[in-house]
Each structure stands twice: as structure tokens, then as C-alpha cells.
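Student: can't give you the sequence, but here's the structure:
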């Protein structure tokens, strides 16, 4: 693993990567990660959904810790939907079905932290 | 450890705790944590510094992952000082001397993620 290295950047300096055709309008910036920064415990990402954008309804063996930074959206956690605005905090435990969507005509942006790879299998 | 439990809240719903006399003007909200939410890997906190507020220059055996949400501030990491504005991301590795301060006349607020207790000793 890379040695942990201090950094200070604006999130927009980190390239936005398209998530793919299963998540139309979704992009992600890995602002602190294992590979580049040596983050020992979790990776911090900024997820951006364009108007109409969404992530697929999915389940995975690790949790999400979210903080909404811009726009308006929705998160569905199992069978319940919650409106989201800036300052909202979301905790989605591992193994819980969920998806996010933009609910306005401006970008919807939120932080999404996930464990580094070697900690996922230990939960 | 508490079973991980989904939640959606606004960060202001979580009580602001004073950090103490060593950090004048500093408050903290534990918005996702081990004790209440069963966060398995890291705790997400919102740190708020009033105008003139600051944290002490300190070192500890775990990293910080920060995202600035409001106001203007500064972080000093070892001998280098960086101005901070909303959208800035800071990674302070374990064992690195650092402190934060408010640099404006409005509250300075940033996210600060730290490992859960049982992961700190394993780094």
C-alpha cells in the first residue's frame, strides 16, 4: 500500500469518472483513496448525478457513509425513500439494497465513503 | 458493537458537543458513529469552529479525512499552512502534527472522518 501522504486539494481538481451505462448520468471523483493517498481505512468519493441521473438499485458487502453537498435528490433504502438536501447524512449498512437519484434540474452531489479493499472482506 | 442500522438525518439534528478548553470555539457532531449506528470502519463527524475558534496543534495515531462544507479556515500540517474554502479536501495521515482554525467572521465547518476505535491500534 502507498505510504499515507498529506494533501489539500479542491474536490473539482480530481477527475470525474463516468460510472458506466448501469448508472446513467452518474460520475465519481475518488478524492482520498488507497492507491494515490495511502488511505488506511476508507476512501472518500464525491458522487455527482446530472439531472435525471441515478445509480442502480444495488446491494454490496460494505457500507456507505454519505453527506449531501449540493442539489436535491432521493435515496431509497430497501422499501423506503427519503428526500435529500445539502447537509443530510445517510448511513447505508452493508448488505442493504439502495439507490440514489437526482430529484432536481441541477447537479446532485454527495460524499460517499467506503472501506478500503482489505477491510471489506473482514466485516 | 451495535448492529449497523440505516439512517437519514440532517447533520444539525445531531447535538453539537463542545470539544473543551484546549480547543476554544470548537464543537463536534458525531453524525455517524460506532456506538449509535454500528459504523464498522469509520466515524463521520462535523467539526464547527466559531470565529476565532481553533483546534490545538496536535498529533495522534490515526488519520483525518476532511471535506470543508462552510466558511473559511486554515489547516496547518507540520510546517505548512493551507487556506480552506468549501469543497476543499484534506488528508492528514496518522502521526502528523496539525491544527485547524477559523479564518473568517462566520462559522467554519468541515467533515472529519476517523477510524473506529478497534482499527486505530491496527495501523
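Tutor: Sure thing, it's come through. In this text the structure is predicted, and so the values were computed from the model without any measurement.
Student: chain A: strands as residue ranges?
Tutor: Counting by DSSP state E, residue ranges of the strands within chain A are A:7-10, A:17-18, A:26-32, A:42-49, A:64-70, A:73-77, A:80-84, A:88-92, A:98-102, A:108-115.
Student: need those in a markdown table (columns: mean neighbour count).
Tutor: C-beta here means a position set from N, CA and C on the backbone, and glycine is covered the same way. Supplementary listing: the strands of chain A in a markdown table, determined by neighbours: other CB atoms under 10 Å in any protein chain shown:
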| stretch | mean neighbour count |
| --- | --- |
| strand A:7-10 | 16 |
| strand A:17-18 | 12 |
| strand A:26-32 | 21 |
| strand A:42-49 | 24 |
| strand A:64-70 | 23 |
| strand A:73-77 | 20 |
| strand A:80-84 | 15 |
| strand A:88-92 | 24 |
| strand A:98-102 | 21 |
| strand A:108-115 | 23 |
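Student: how about TSV for these, with distance to chain B added?
Tutor: Listed next are the strands of chain A as TSV, based on distance: least, CB to the nearest CB, whole Å:
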stretch	distance to chain B
strand A:7-10	4
strand A:17-18	16
strand A:26-32	5
strand A:42-49	5
strand A:64-70	5
strand A:73-77	5
strand A:80-84	4
strand A:88-92	5
strand A:98-102	8
strand A:108-115	4
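Student: residue at max distance from the center of chain A?
Tutor: residue A:3 (23.8 Å; CA atoms, centre = their mean).
Student: skip the chain neighbours and tell me the closest residue to that residue.
Tutor: Closest residue to residue A:3 in three dimensions, ignoring its sequence neighbours and counting by CB to CB, 6 or more residues apart in numbering or on different chains: residue A:38, at 5.2 Å.
Student: contact partners for the one you found?
Tutor: Shown here is residue A:38, whose contacts under the criterion CB atoms under 8 Å, 6 or more residues apart in numbering or on different chains are A:1-5, B:93.
Student: next one: residue A:29
Tutor: When contacts are counted by CB under 8 Å, 6+ apart, residue A:29 is found next to A:11-12, A:14-17, A:45-46, A:48.
Student: equivalent analysis for residue A:55, please.
Tutor: When contacts are counted by CB under 8 Å, 6+ apart, residue A:55 is found next to A:19, A:23, A:26, A:47, A:49, A:99-101.
Student: pull out the buried residues from the lowest-mean-pLDDT helix or strand in chain A.
Tutor: Sorted by mean pLDDT, DSSP states H and E, the helices and strands of chain A end with helix A:117-120, the least confident at a mean of 88. In terms of neighbour count (16 or more other CB atoms under 10 Å in any protein chain shown), helix A:117-120 has its buried residues at A:119-120.
Student: do it and chain B meet?
Tutor: Yes: under the criterion of CB under 8 Å from any CB of the partner chain, chain B is reached by helix A:117-120 at residue A:119.
Student: residues touching that helix, excluding its own?
Tutor: A:34, A:41-42, A:61-62, A:114, B:41, B:119.
Student: what's the average pLDDT for stretch A:46-64?
Tutor: With pLDDT averaged residue by residue, stretch A:46-64 scores 95.
Student: point out where chain A drops to low pLDDT.
Tutor: Applying pLDDT under 70 to the predicted model, the residue ranges of chain A that meet it are A:121-123.
Student: any idea how far apart the tips of stretch A:5-17 sit?
Tutor: 23 Å (CA to CA, to the nearest Å).
Student: quick one: contacts for residue A:71?
Tutor: A:49, A:86, A:102, A:104, A:106-109.
Student: how about residue A:6?
Tutor: Contact partners of residue A:6, counting by CB under 8 Å, 6+ apart, are B:77-78, B:91-93, B:96.
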